[in-house]
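Here's a sequence, model it:
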Amino acid sequence: MRAWIRHRDREIRLPAWLTSILDHAVTWNAPHQSREEEEVLIAQGTGGRLELDGNCLRLTKGGSFGFFLALLGVEGGFVERTIRVSDIAAVEMDKPALFFRYMRFSYPGAPDLTGDDLKDMMAENALLMSLFDNRGLYRIKERIEHSMNQQVGR
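A predicted model of the protein is given here:
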């Protein structure tokens with residue numbers, strides 16, 4: 001970054017502190033680059049979002065739906081969990097009779113299925129799917145299953 005600005009045919013020198021801020025502003029706003037050639041997949045559901053970057057899956061629950069659940073006194077409305085894809089044993093999609101569809105991840109230390117649909121949907125390892133478009137969630141599921149198949153093939 002240059003340390004001066006041209007204004008009406010004269011150069012104005014910027015202070016050193018402003019120059020260092022402007023130099024770093026480019027890196028602060030730069031998009032996160034994955035170390036692998038695969039791009040970062042992001043999918044939005046009703047209850048939160050999933051981000052798949054290499055071997056890391058970040059499950060973030062919250063937003064207006066999480067706030068609504070907190071008002072009702074239901075636990076599990078606000079959760080942020082990072083899971084290694086290599087630790088995931090299964091990706092399940094379930095559709096209870098009266099509720100939204102949800103995606104559930106099984107990994108060591110994850111909560112077990114209780115049989116109560118509402119508790120299972122609100123667990124820290126589950127995400128409510130969107131009512132309309134779930135293509136992003138299915139892409140993430142396919143990439144995780146592909147990674148699981150590669151681990152078994154070794």
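
Which parts of the protein are helices?
All helices of the chain, identified by DSSP state H, fall at 16-29, 63-72, 117-121, 135-153.

Export the ones you listed to CSV and append columns for distance to residue 101, mean neighbour count and mean pLDDT.
The way it works is simple: take the backbone N, C-alpha and C, and place the C-beta from them, glycine included. Shown next, in CSV, are those (distance: least, Cβ to Cβ, whole Å; neighbours: other Cβ atoms under 10 Å; pLDDT from 0 to 100):
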stretch, distance to residue 101, mean neighbour count, mean pLDDT
helix 16-29, 36, 10, 58
helix 63-72, 14, 13, 75
helix 117-121, 9, 17, 82
helix 135-153, 9, 14, 87
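
and of those, who's closest to residue 87?
helix 135-153 (10.4 Å; Cβ to Cβ).

I would like the residues contacting that closest one, please.
With contacts defined as Cβ atoms under 8 Å, 6 or more residues apart in numbering, helix 135-153 is touched by 38, 41-45, 50, 52, 55, 57, 85-86, 88, 91, 93, 103, 127, 129-130.

now that helix, how far from the chain's geometric center?
16 Å (Cα atoms, centre = their mean, to the nearest Å).

Residue 107: what's it in contact with?
Going by Cβ under 8 Å, 6+ apart, residue 107 touches 83, 87, 88, 89, 125.

No more questions from me, cheers.
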